[in-house]
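> structure of the sequence below:
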Amino acid sequence: MKIGFISPSAGTIAGGSETIVHQIAEQLSQRHEVLVLTGRSRSKPALDIIKHTPYEVLTVPYWPRFTPLNNLATKLIGRLTPYKTESYSFYYNVLVRSAIKQRLRELDVISTHYWVDSRLFSNLAHRLGTASVFHILGGPYSKEFFEADKSTMYVATSKTTQTLINEAHDFKIESVVTPGIPSSLFAKKEEKEQEIPILLFLGRLQESKGVFELLDIFKKLEPAHQDIKLVIVGEGNISDELSQRIARAGLAGKVILKGGVSYKEVFRYYTTSTIFVFPSKSETFGMVCLEAMACGLPVVASDIPALRESTGGNAVLLPPEDVDGWVDAIDKILTDRKRRDELSAKGIGWARDFTWEKKAEEYELALIKAAELFKGKGALNPSGPG
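Numbering: from 1, shown residues only. This is a model prediction of the structure:
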């Protein structure tokens, strides 16, 4: 089967949905012809991951989120957001390239991973005679979106997302394929005592991730653990304000901002930290919690539906606004080795069911089904309205 993954940012940004694209594409390339269509930009260097892949990568120019050209377009056109600008600029540069459209026409099915990309490319695929699957994040999305979208099939990235959409619309999403983790994480690791306790946060730096609240938590925790450090890995639109708040709180040198790192480098931080902390207020699944658990890290995270799903009762979950509760929970884990070991063992056991090999097999079934449905129904949309 010929499969195409459409992701404007997969070539330049190392985020959650981009990781899903690369990991599933890599697994499926072992038994299918796989193409990843992504963006390139002068303002952002290409990721190392796309330089040596077992699948084919094609790039077209685009305007990445939170770059000067994107920011200018967003400012001038009020209806745009940085993410919409990213998708529209990418789509335009695909439309004006007949050779790229011909490659899409030759595919059996394409996969999209952001709603604007799905809206644009499902319609293009429909016209070209190619099936399409939207691996859908968040929700519930509007009725107008589903009326305009031409995806052959929808696959939710979590049961939380599936429930949101099923309750809001008059059709049902039956398939769920969550993000995964590398099976190599379960290789036996050498036990060693952590000399300096390190709290780790990893995620996009935006207000909904609870990073500002995490600073408040750390400031109250630090006096009782004077050698403790907080490492924050990620990039986003609050990076500058976060740096300023760290300085004002007198936490320079104690709170360390690492910026964005490669997917492989992420796991070095997991394996050298003591506790993973994730006070996010809104998630579709919470892949980073699962990755941390696979690496043996105790996890303290927000008590929200998506994180209850991804951690499966094997983490400490608290309301994100309960600063004192977070301080108490982290303190108990830091001072109780038995508690740390229990959480570590439970997390590893839970995470074993979420390898990329298993998730790729699940997604493969959805792609095959979509291609068959598209052929059998004359390019109709069998999964939803339209």
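
> for the longest helix along the chain, packing partners?
Criterion DSSP state H: the longest helix present in the chain is helix 356-376. Applying 3 or more CB pairs under 8 Å, 6 or more residues apart in numbering; DSSP states H and E, one finds that helix 356-376 contacts helix 16-28, strand 109-112, strand 131-136, strand 153-156. Backbone N, C-alpha and C define where each C-beta goes, glycine included.

> helices or strands up against the second one?
Judged by 3+ CB pairs under 8 Å, 6+ apart, strand 109-112 is in contact with strand 2-6, helix 115-128, strand 131-136, helix 356-376.

> how far away from the center of its chain is that strand?
The chain centre lies 17 Å from the centre of strand 109-112; the measure is CA atoms, centre = their mean, to the nearest Å.

> note down every partner strand of it and its orientation.
Counting by DSSP bridges, the strands paired with strand 109-112 are strand 2-6 (parallel), strand 131-136 (parallel).

> same thing with the last one?
Take DSSP bridges as the rule and strand 153-156 pairs in its sheet with strand 131-136 (parallel), strand 175-176 (parallel).

> after it, next one along is what?
Note on strand 153-156: by DSSP states H and E, the next helix or strand toward the C-terminus is helix 159-168.

> pull out the buried residues from the helix or strand of the chain at the bottom of the mean pLDDT ranking.
Using mean pLDDT, DSSP states H and E, helix 263-271 stands out as the lowest-scoring helix or strand of the chain, at a mean of 89. Of the residues in helix 263-271, 263, 266, 267, 269, 270 count as buried by neighbour count, 16 or more other CB atoms under 10 Å.

> the residue lying closest to the last one once chain neighbours are set aside: neighbour count?
Nearest-residue entry for residue 270: residue 295, 3.9 Å, with adjacent residues in sequence omitted and distances by CB to CB, 6 or more residues apart in numbering. By the criterion of other CB atoms under 10 Å, residue 295 has 25 neighbours.

> next up, the contacts around residue 295.
185, 267, 270, 271 (CB atoms under 8 Å, 6 or more residues apart in numbering).

> please report phi then psi for the nearest residue to the last one once chain neighbours are set aside.
In space, residue 271 comes closest to residue 295 once its chain neighbours are excluded; the distance is 5.4 Å by CB to CB, 6+ apart. Its backbone dihedrals place residue 295 at phi -90, psi 0, with angles given as degrees, to the nearest 10.

> report pLDDT for residue 295.
Looking at residue 295, its pLDDT stands at 93.

> likewise for residue 15?
In this model, residue 15 carries a pLDDT of 82.

> okay, now the closest residue to residue 67 other than its chain neighbours: neighbour count?
The shortest distance from residue 67 to any non-neighbouring residue, by CB to CB, 6+ apart, is to residue 43 (4.4 Å). When counting by other CB under 10 Å, one arrives at 12 neighbours for residue 43.

> again, but for residue 42
Other residues close to residue 42 by other CB under 10 Å number 8.

> quick one, phi/psi of it?
The phi/psi pair for residue 42 (degrees, to the nearest 10) is phi -70, psi -30.

> neighbouring contacts of stretch 108-116?
1-8, 17, 20-21, 83-84, 87-88, 104, 118, 121-122, 125, 130-138, 141, 145, 151-152, 363, 367, 370-371, 374.

> which of those residues count as buried?
Looks like those have 3-8, 17, 20-21, 83-84, 87-88, 104, 118, 121-122, 125, 130-138, 141, 145, 151-152, 363, 367, 370-371, 374 buried, using 16+ other CB under 10 Å.

> so how many other residues sit close to residue 305?
Counted with other CB under 10 Å, residue 305 comes out at 17.

> just for the stretch 151-300 of the chain, where's the confidence low?
187-194 (pLDDT under 70).

> cutoff 80 now
170-171, 187-195, 263 (pLDDT under 80).

> hey, where'd the helices end up in it?
Using DSSP state H, counting those that start in this stretch, the helices found in the stretch 151-300 of the chain span residues 159-168, 211-221, 239-248, 263-271, 287-294.

> return the most buried member of these.
helix 287-294 (a mean of 28; mean count of other CB atoms under 10 Å).
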